[in-house]
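Participant: the following comprises the amino acid sequence and a computationally predicted model.
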Amino acid sequence: MINKKLQFIIFLIFVLSIVTVAILAPYIATHDPNEAVLTEATKAPSKEHFFGTDRMGRDLFSRVIYGTRTSLYSTLILVLSILILGGGLGIIAGYAGGATDTVIMRFADMMVSFPGMALAIAIAGVMGPSITNAVISITMVSWTKYARLARSLVLKIKHEDYIKAAFMSGTKTYNILLRYMLPSVLPTLIITAATDMGGMMLELAGFSFLGLGAQSTSIEWGYMLNEGRAYIESASWLMIYPGLAIFITVVAFNLLGDSLRDILDPQNDDQILKSKRKRVLQTERKQVKRESLA
Amino acid sequence: MLRRELYKRFLQIAIVLVGISFMSFLLIYLAPGDPVRAMFAVTGNIPAEEVMEEMREEMGLNKPFLIQYSTWLSKCLRGDFGISYSQGRPVSQMLSERVMPTLNLSLLSLIMMVIIAIPIGVISAINKNEIADYICRGLTFISISMPNFWVGLLLLYFVGVKLKLLPVVSTDMGFKKLILPAFTLAFAMAGKYARQVRGAILEEMNKDYVSGALARGISETEVLWKHIIPNAMLPLLTMLGLSLGSLLGGTAVVEIIFSYPALGSLAIAAITSMDYPLIQGYILWIALIYMLVNLAVDISYRYLDPRLKKGA
């Protein structure tokens, strides 16, 4: 267990250092990422340009560094919007039950029985290519997993005594949802979101690579690869470094996600003990509550 | 028993298809841009506004949404997905041309994936927490974290440009052209499957029948090959079905990198040229194929898993 925690801390530092690169991009970059010097176009990596230059003569190293910002920021927005939409709908479906539940969950079933990414590509295409639209369309097809999760968690606690007590003492519905349902659902959803970061980053980069995400005005790794693709024979650095940047970042997030899951894995002896203790505590609390209610 | 189940499943598929068709029609209906203008834009000369208005009336574009939807749906049911704006040919024809290349690519990549993933998963499971396991898990991790378009580009660069083993661009549609795209897809999927195989085998190993067999003196290798592996493979079938379903929907990224003309690149072309009938046809097609593949997988379980056959 100590080993696993140490592992987690190392991976956390790995992720945080990437975040630091994003924050400190202006200080790390050696050139202005948007400054085009056409006489310097498609120069191979050198002391002046660590990763070479692209076809507009822009410094690739600086662009890759600045690209960290775009990738982290858009992935974070994407994961958060999936979490909010899916989690919100799941909590509502679970708590309201009846027709609301049926409509939301049948809709979710329909989305699952269909290859989501193809639909997301179509939606992004129809709305027009931009990072925002890519985020919206991936959100529209990915929320179902979170909705199911949130719903099942809500159903688990819905019939607990303290919820009934809150309901009977006249607590408003949105207060029950916000103060009792949300806190019990959120930890699991956030862990799921953390393990999904890497995968979502890949999806977004893939969209940009297809020309359906970031456009030439923004600095994005997937789009850089798309531009570099044409120069595969003459300027291979244009496809090697942005790809490497995506790979390293995704590795960092996946390592962190995996170790997070390892730590929270209920099969761990430590964890079982803890949860047993928790259960005992809970039953005690319940008894106290029952007595106080009676 | 089976027949009733089948009727139920077909009904479900029909309902989902209607839902999907409604969504895709709504999506295009709400999309910015004017289909009539788009149609004329391809030919190059845009006629007077009156002519376009007449055209709209003729195409039924001024009718209410639900009427437009039901006429479109009834045409679709007869296999008529309309005429592509960008190429002026029937959408159904354009889609069906791409089916065979898509099928070839999908099947080859699945076969390659199984050849890579199963041995890695098995080696990893039987050497749990030993060096071989760590190496296999490392490979699995790389496969999961690497963007497939980057894998494709690297393969194209090293195999095509550096080593010149396979042509970078070729018009030949044979087996050679399939190798790199299929391998790229297989590489990206293998990690997920290897993890699954490892997990499934470890789970089977802990079951009572394994201890029972070992206690009766059956050798470990025999138990592994005759009992554990076949039992562990069964759950993979569902995953394989899902993968085949989404592969048949096209693999845009890989098709574009290797300029392989299958469904994915057709869809991207349709999107960039705002070819709405083609986009709608494509969405309906993949929905249908995805659900049929999954139905086929569920049916095949009945034959592969004796427990289900007896109706227990």
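Facilitator: That came in fine, so what should we check first?

Participant: where does chain B dip in pLDDT?
Facilitator: B:1, B:33-35, B:38-39, B:41-44, B:167-174, B:308-312 (pLDDT under 70).

Participant: go again with 50.
Facilitator: B:312 (pLDDT under 50).

Participant: with chain A instead?
Facilitator: Checking chain A against pLDDT under 50 turns up A:268-272, A:294.

Participant: which single residue of it approaches chain B most closely?
Facilitator: A:Gly125 (3.0 Å; C-beta to the nearest C-beta). Yep, even glycine has a C-beta here, placed from its N, CA and C like the rest.

Participant: once you drop chain neighbours, what's closest to that residue?
Facilitator: B:Ile271 (3.0 Å; C-beta to C-beta, 6 or more residues apart in numbering or on different chains).

Participant: which positions in the longest helix anywhere in chain B come out as buried?
Facilitator: In chain B, with assignment by DSSP state H, the single longest helix is helix B:91-126. Buried residues in helix B:91-126, defined by neighbour count with 16 or more other C-beta atoms under 10 Å in any protein chain shown: B:91-92, B:94-95, B:98, B:101-106, B:108-110, B:112-114, B:116-118, B:120-126.

Participant: repeat for stretch A:121-132
Facilitator: Neighbour-count burial for stretch A:121-132, with 16+ other C-beta under 10 Å as criterion, is recorded at A:Ile121, A:Ala122, A:Ile123, A:Ala124, A:Gly125, A:Val126, A:Met127, A:Pro129, A:Ser130, A:Ile131.

Participant: swap in stretch A:27-34?
Facilitator: Residues of stretch A:27-34 classed as buried by neighbour count (16+ other C-beta under 10 Å): A:Ala29, A:His31, A:Pro33.

Participant: what's the spacing between that stretch and its chain's center?
Facilitator: 27 Å (C-alpha atoms, centre = their mean, to the nearest Å).

Participant: what does it contact?
Facilitator: Contact with stretch A:27-34 is made by A:Val21, A:His49, A:Phe50, A:Arg58, A:Asp59, A:Phe61, A:Ser62, A:Arg63, A:Ile65, A:Tyr66, A:Ile219, as judged by C-beta atoms under 8 Å, 6 or more residues apart in numbering or on different chains.

Participant: go again using 7 Å as the cut-off
Facilitator: With contacts defined as C-beta atoms under 7 Å, 6 or more residues apart in numbering or on different chains, stretch A:27-34 is touched by A:Val21, A:Arg58, A:Asp59, A:Phe61, A:Ser62, A:Arg63, A:Ile65, A:Tyr66, A:Ile219.

Participant: run through the residues of the stretch 201-312 of chain B sitting next to chain A.
Facilitator: B:245-246, B:249, B:252-253, B:267-268, B:271, B:279, B:283, B:286-287, B:290-291 (C-beta under 7 Å from any C-beta of the partner chain).

Participant: any idea which helix or strand carries A:Lys156?
Facilitator: helix A:131-158 (DSSP states H and E).

Participant: what's the answer for A:Phe167, then?
Facilitator: According to DSSP H and E, A:Phe167 maps onto helix A:161-168.

Participant: tell me the gap between the following helix or strand past that helix and the middle of its chain.
Facilitator: Next along the chain after helix A:161-168, taking DSSP H and E as the criterion, comes helix A:173-176. When distances are taken as C-alpha atoms, centre = their mean, helix A:173-176 is centred 27 Å away from the chain's centroid.

Participant: which helices and strands does helix A:173-176 pack with?
Facilitator: Counting contacts by 3 or more C-beta pairs under 7 Å, 6 or more residues apart in numbering or on different chains; DSSP states H and E, helix A:173-176 is packed against helix A:161-168.

Participant: buried residues, the helix it packs on. List them.
Facilitator: For helix A:161-168, by 16+ other C-beta under 10 Å, it's A:Ile163, A:Ala166.

Participant: what is that helix packed up against?
Facilitator: Packing partners of helix A:161-168 (3+ C-beta pairs under 7 Å, 6+ apart): helix A:173-176, helix A:269-293.

Participant: and the angle from that helix to helix A:131-158?
Facilitator: 100 degrees (axes from the mean of the first three to the mean of the last three C-alpha atoms, to 10 degrees).

Participant: near chain B, which residues of the stretch 101-250 of chain A? Just list them.
Facilitator: Residues of the stretch 101-250 of chain A lying near chain B by C-beta under 7 Å from any C-beta: A:110, A:113-115, A:118-119, A:121-123, A:125-126, A:198, A:202, A:205-206, A:209-210, A:225, A:229, A:232-233, A:236, A:239, A:243, A:246-247, A:250.

Participant: which of these fall in helices?
Facilitator: Short answer: these in helices (DSSP H) are A:110, A:118-119, A:121-123, A:125-126, A:198, A:202, A:205-206, A:209, A:225, A:239, A:243, A:246-247, A:250.

Participant: residues near whichever residue of the stretch 201-312 of chain B sits closest to chain A, how many?
Facilitator: Ranking the residues of the stretch 201-312 of chain B by distance to chain A (C-beta to the nearest C-beta) places B:Ile271 first, at 3.0 Å. Neighbourhood size, B:Ile271 [other C-beta atoms under 10 Å in any protein chain shown]: 25.

Participant: element containing it?
Facilitator: Going by DSSP H and E, B:Ile271 is part of helix B:263-272.

Participant: flag every buried residue along that helix.
Facilitator: Neighbour-count burial for helix B:263-272, counted by 16+ other C-beta under 10 Å, picks out B:Leu263, B:Gly264, B:Ser265, B:Leu266, B:Ala267, B:Ile268, B:Ala269, B:Ala270, B:Ile271.

Participant: pretty sure the fourth one contacts B:Arg98?
Facilitator: Yes - between B:Leu266 and B:Arg98 there is a contact at 5.3 Å, judged by C-beta atoms under 7 Å.
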